[in-house]
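> Sequence below, structure please.
(4 chains)
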Number of protein chains: 2
Amino acid sequence: MAGTKRKATIRDVAARAGVSNSAVTLALHDRPGVSAATRERILAAANELGWRPNLAAATLSGHSLHTVGLVIARPARLLGLEPFYMEFISGVESVLSRNSCSLLLRITDAAEEIEVQKQWWQGGRVNGSILVDLKVDDPRIPALAEIGLPAVVVGMPSLAGPFTAVWTDDEAAIDEAVRYLAALGHRRIGRVGGPPDLGHSVIRAAAFDRAIKDLGLDGRTEQADFSPDSGSRACRNLLLAADRPTAIMFDNDIMAVAALGVADEFGLSVPDDLSLLAWDDSQLCQLTRPALSAMSHDIHAFGAEVTTALFDVMRGVDHPSHPTQRPRLMPRSSTARPRG
Amino acid sequence: MAGTKRKATIRDVAARAGVSNSAVTLALHDRPGVSAATRERILAAANELGWRPNLAAATLSGHSLHTVGLVIARPARLLGLEPFYMEFISGVESVLSRNSCSLLLRITDAAEEIEVQKQWWQGGRVNGSILVDLKVDDPRIPALAEIGLPAVVVGMPSLAGPFTAVWTDDEAAIDEAVRYLAALGHRRIGRVGGPPDLGHSVIRAAAFDRAIKDLGLDGRTEQADFSPDSGSRACRNLLLAADRPTAIMFDNDIMAVAALGVADEFGLSVPDDLSLLAWDDSQLCQLTRPALSAMSHDIHAFGAEVTTALFDVMRGVDHPSHPTQRPRLMPRSSTARPRG
DNA sequence: TGCTGTCCATAGAACGTTTTAGTAAACTTT
DNA sequence: AAAGTTTACTAAAACGTTCTATGGACAGCA
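Predicted coordinates for the structure are as follows:
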């Protein structure tokens, strides 16, 4: 089964077309130096032999763009549940496909990412990488900047060091969310945040505190890790407080879904007794009853935008850091004026 | 930023250690032919220079196993929502990591998969591939068998042609599910199936019909495409029938979640008026209220098993087709005796 | 002393491309 | 018609590994 037939090489094609292999290269890449007739003949020969250029050889010799790397460091169990990555990846792929580029993926511990990226880049396997889940003072930044890896960072420029950054304006979005809940009449607002070592958790937390202060509200943040269990726990903690919040916002959608169950436990009706506001609006939010209001952003488009930026970086074209479309409030049935 | 510093090569390492590059290769791969002292010296030199072997060069010359390919052809929108793939991929990765292998991923139309796989294999980019979402008379099978691609098929051997297949025993699982619902007292059982061109949809449909017939029940299947919308529609169709079913089983979990909403629409209480049984038991099933009973299987482990098989195939070791652990009933709160 | 075998190490070919430098012929220009 | 320019094409040198010979050194044995 495996590799029984020898694969055709450029020399086979050249022989069949009666030219040198240089001519084949020229014809293949549509470069001047071969007559139209010869080109025709070469392409026909390549087709008949089913020849595809060996990318390892091409990489070794030339400078082709063919692969982009992505390392995801989250617990396996969570990955399946969280729609974010798959949507992000599908956005990345939409741009890669257009450029006949492939995605090299690795799911592993955060500790290993630097080594993996080094092997990939220094081993010539990728032309660039997308860095996600930036931490505060992320060790990847200096390590990967030093080896000259072309990369784009998903996250605020303040986290990205010398790399180009593409980010969602979480600050503005958090601000909008808090103002919305305040406008509905909520005075005590809870927040269930993501892991505190993640850069955007820190940024969102700060933005939340600022908005709460600006509006003279009562705010409280509980930390969680994006998993439904941790989200439920955090939500319970908030609801157990003497003066429980009348609205809670979450750092992803899974935790908000889990919170619907917690509200049920506590005998609280959503949205009358408790408003819930999710983040990362996937279709999941529309499947629940009540449907979850969310801060919505187009993750697919985000992935595509990041990848477009990466192509510029890989080509050596200057591409300044820039924010993507900011998350927008998508009110559904889980937020309302507080009762009474 | 990009590629400013020349990367170290094996020759640099050899020079620094005062040996030939052959010696470096030997030392790197822990092969006999260099003394312990020299090996030490070589590895130290490699470390100091931060050298990583160039994989393109290694591929071109040697026979290293380094990359496995996976093409997913499903609409982007659905991919995010469906936990299956991400869990499957994380299982695949768990085995790949152990073998320092990476995953080359492409999300694209079904029509393009053959071309992508050909480019990957004949271009020397992958050592083998995992084929998923097998169709009846899938054109990929003959096309990829012909070029000698080492591959493992996720699906019944009847769909896999000459390839090694690893599959979940859907027939037995469907049978168990139907018997379970029958034992609870259900006589009219509905089923919402996946896309009819998918191989396992056909197999499950046949198994369902057989089980229904064996038990002398009344069964009806509606076709859907795994999306929540299509699942809801199919579910409504079933419920609109004169003699509506008292239990409905689904081909994935998303559609079952969506069905909870439909039951609500119809004013039916789950599980008293209507029992729902999901498939592909992700954590999602535990987040809903009521929690969804499901035919559960460990997708992560499944991905790992498929990948283990692929490694055998890539190494030329005979690996017979075999079923993986079959889905098991996980009763929760969405199934019960029918009322009355 | 010669012979055989083991161990350490190296030179050099091979892998399949792309690129560089170059040549021969055909076509301009003066 | 000589000199220059363009066009069509090729030979050979990279690229950075791994693999196959091969060779020397040293030990054990007759």
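> okay, and for chain A, where does confidence drop off?
A:1-6 (pLDDT under 70).
> Can you pull up the most central residue in it?
Against the mean C-alpha coordinate of chain A, by Cα atoms, centre = their mean, the closest residue is A:Phe88 at 4.5 Å.
> Give me the buried positions along the helix or strand hosting it.
Following DSSP states H and E, one finds A:Phe88 within helix A:83-98. Going by neighbour count (16 or more other Cβ atoms under 10 Å in any protein chain shown), the buried part of helix A:83-98 is A:83-97. Where you see a C-beta, it was placed from the backbone N, CA and C, and this is true even at glycine.
> related to what we said a few turns ago, how about the residue nearest to the centre of chain A, nearest residue that isn't a chain neighbour?
Spatial nearest neighbour of A:Phe88, excluding adjacent residues (Cβ to Cβ, 6 or more residues apart in numbering or on different chains): A:Gly303 at 4.2 Å.
> Can you report phi and psi for that neighbour?
phi -60, psi -40 (degrees, to the nearest 10).
> In contact with the closest residue to DNA strand D within the stretch 151-300 of chain A, which residues?
Nearest to DNA strand D in the stretch 151-300 of chain A, going by Cβ to the nearest atom of the strand, is A:Ala151, at a distance of 20.8 Å. The contact partners of A:Ala151, by Cβ atoms under 8 Å, 6 or more residues apart in numbering or on different chains, come to A:Gly128, A:Ser129, A:Ile130, A:Leu131, A:Leu144, A:Phe163, A:Thr164, A:Leu310, A:Val313.
> so who does the residue nearest to A:Phe88 touch?
For A:Gly303, the contacting residues are A:Glu87, A:Phe88, A:Ile89, A:Ser90, A:Gly91, A:Val92, A:Glu93, A:Ser94, A:Val95, by Cβ under 8 Å, 6+ apart.
> The residue nearest to the centre of chain A contacts A:Asp298, doesn't it?
No. Using Cβ atoms under 8 Å, A:Phe88 makes no contact with A:Asp298, being 10.6 Å away.
> In PDB, list the C-alpha atoms belonging to the helix holding A:Phe88.
Taking C-alpha atoms only, helix A:83-98 is exported to PDB below (Å, rounded to 0.1, in the frame of the first residue of the first chain):
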ATOM      1  CA  PRO A  83     -16.300  26.900  19.400                       C
ATOM      2  CA  PHE A  84     -13.800  29.800  19.300                       C
ATOM      3  CA  TYR A  85     -10.800  27.900  18.000                       C
ATOM      4  CA  MET A  86     -12.500  25.900  15.300                       C
ATOM      5  CA  GLU A  87     -14.200  29.100  14.000                       C
ATOM      6  CA  PHE A  88     -10.900  30.900  14.200                       C
ATOM      7  CA  ILE A  89      -9.100  28.200  12.300                       C
ATOM      8  CA  SER A  90     -11.800  28.000   9.600                       C
ATOM      9  CA  GLY A  91     -11.200  31.800   9.100                       C
ATOM     10  CA  VAL A  92      -7.500  31.300   8.900                       C
ATOM     11  CA  GLU A  93      -8.000  28.500   6.400                       C
ATOM     12  CA  SER A  94     -10.200  30.700   4.200                       C
ATOM     13  CA  VAL A  95      -7.200  32.900   3.600                       C
ATOM     14  CA  LEU A  96      -4.600  30.200   3.500                       C
ATOM     15  CA  SER A  97      -6.600  28.200   0.800                       C
ATOM     16  CA  ARG A  98      -6.600  31.200  -1.400                       C
END
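> That helix - contacts with which helices or strands?
Contacts defined by 3 or more Cβ pairs under 8 Å, 6 or more residues apart in numbering or on different chains; DSSP states H and E place helix A:83-98 against strand A:67-72, strand A:102-107, helix A:299-315, helix B:76-81, helix B:83-98, strand B:102-107.
> So which bits of the longest one are buried?
Using 16+ other Cβ under 10 Å as the test for burial, helix A:299-315 gives A:299-300, A:302-311, A:313-314.
> Equivalent analysis for stretch A:135-142, please.
For stretch A:135-142, the neighbour count (16+ other Cβ under 10 Å) marks A:Lys135, A:Asp138, A:Arg140, A:Ile141 as buried.
> For those, give me TSV that also has distance to B:Pro195.
Shown next, in TSV, are the buried residues of stretch A:135-142 (distance: Cβ to Cβ, whole Å):
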residue	distance to B:Pro195
A:Lys135	41
A:Asp138	42
A:Arg140	41
A:Ile141	44
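> Tell me which two in those residues are the farthest apart.
The most widely separated members of these, counting by Cβ to Cβ, are A:Lys135 and A:Ile141 (9.3 Å).
> May I ask which helix or strand encompasses the residue nearest to A:Leu149 when sequence neighbours are not counted?
Excluding the flanking residues, the one nearest A:Leu149 by Cβ to Cβ, 6+ apart is A:Trp121, at 4.5 Å. A:Trp121 belongs to helix A:110-122 when elements are defined using DSSP H and E.
> Tell me which stretches of chain A form strands.
A:67-72, A:102-107, A:128-131, A:151-154, A:164-168, A:188-193, A:218-223, A:247-250, A:275-279, A:293-296, A:322-324, A:328-330 (DSSP state E).
> Nearest approach to A:Ala46 belongs to which of those?
strand A:102-107 (21.0 Å).
> Tabulate the CA atom coordinates of that closest one in CSV.
C-alpha atoms of strand A:102-107 as CSV (Å, rounded to 0.1, in the frame of the first residue of the first chain):
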residue,chain,number,x,y,z
SER,A,102,-1.5,24.9,4.6
LEU,A,103,-1.9,25.1,8.4
LEU,A,104,0.5,23.2,10.6
LEU,A,105,-1.3,22.6,13.9
ARG,A,106,-0.1,21.5,17.3
ILE,A,107,-2.1,21.1,20.4
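> Pick out the residue of the stretch 201-340 of chain A closest to DNA strand C.
At 13.7 Å from DNA strand C, A:Arg315 is the closest residue in the stretch 201-340 of chain A, using Cβ to the nearest atom of the strand.
> oh, I was asking about the stretch 101-250 of chain A
Counting by Cβ to the nearest atom of the strand, the stretch 101-250 of chain A gets nearest to DNA strand C through A:Gly124 (11.7 Å).
> what are the phi and psi angles of that residue?
Per-residue torsions, A:Gly124: phi 70, psi 20 (degrees, to the nearest 10).
> Next, count neighbours for it.
21 (other Cβ atoms under 10 Å in any protein chain shown).
> B:Gly128 versus that one, what's the distance?
A:Gly124 sits 21 Å away from B:Gly128, going by Cβ to Cβ, to the nearest Å.
> just A:Ala211 next, same as before
For A:Ala211 relative to B:Gly128 (Cβ to Cβ), the value is 52 Å.
> next one: A:Ile212
Going from A:Ile212 to B:Gly128 by Cβ to Cβ gives 54 Å.
> the more surrounded of the two?
More crowded of A:Ile212 and B:Gly128, by other Cβ under 10 Å: B:Gly128, with 23 against 20.
> now that one, which residues is it bridged with?
B:Val68 (DSSP bridges).
> do A:Ser102 as well
A:Thr67.
> so it sits right up against B:Gly123, yeah?
No. A:Ser102 is beyond contact range of B:Gly123, at 10.3 Å (criterion: Cβ under 8 Å).
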